[in-house]
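Novice: Got a predicted model here, sequence first, then my questions.
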Amino acid sequence: MEVNIHEAKTHLSRLLERVAMGEEVVIAKAGTPVAKLVPVAGRKKKRVLGTAKGEFIVPDDFNDPLPKEIEDLFYE
């Protein structure tokens, strides 16, 4: 949805309700977009390193080039 600055100032609380429900609102000045209201993502949990320790093993050939037949699949 796109609104002009005057409309955004007049109906800010209504626009914020729509944004909270996931909609993006573009604010324009003279028809040119100047800002975007977007929902704030939920707070991300701080990641703890080492939580998957021992769950998998990186194979010795992990960094080796792919076999030709598999590499060809990327360059069809």
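Specialist: Right, received. Where do you want to start?
Novice: roughly how far is the biggest helix by length in the chain from the heart of the chain?
Specialist: Using DSSP state H to define each element, the chain has its longest helix at helix 12-20. Remark: helix 12-20 is offset 20 Å from the chain centroid, using C-alpha atoms, centre = their mean, to the nearest Å.
Novice: buried stuff in the helix or strand that it is followed by?
Specialist: With elements assigned by DSSP states H and E, the helix or strand that comes after helix 12-20 is strand 25-29. For strand 25-29, the neighbour count (16 or more other C-beta atoms under 10 Å) marks 25, 27 as buried. All C-beta atoms are positioned from the backbone trio N, CA, C, and that covers glycine.
Novice: quick check: angle from strand 25-29 to helix 12-20?
Specialist: Between the axes of strand 25-29 and helix 12-20, defined by axes from the mean of the first three to the mean of the last three C-alpha atoms, to 10 degrees, the angle is 140 degrees.
Novice: Appreciated, that's everything.
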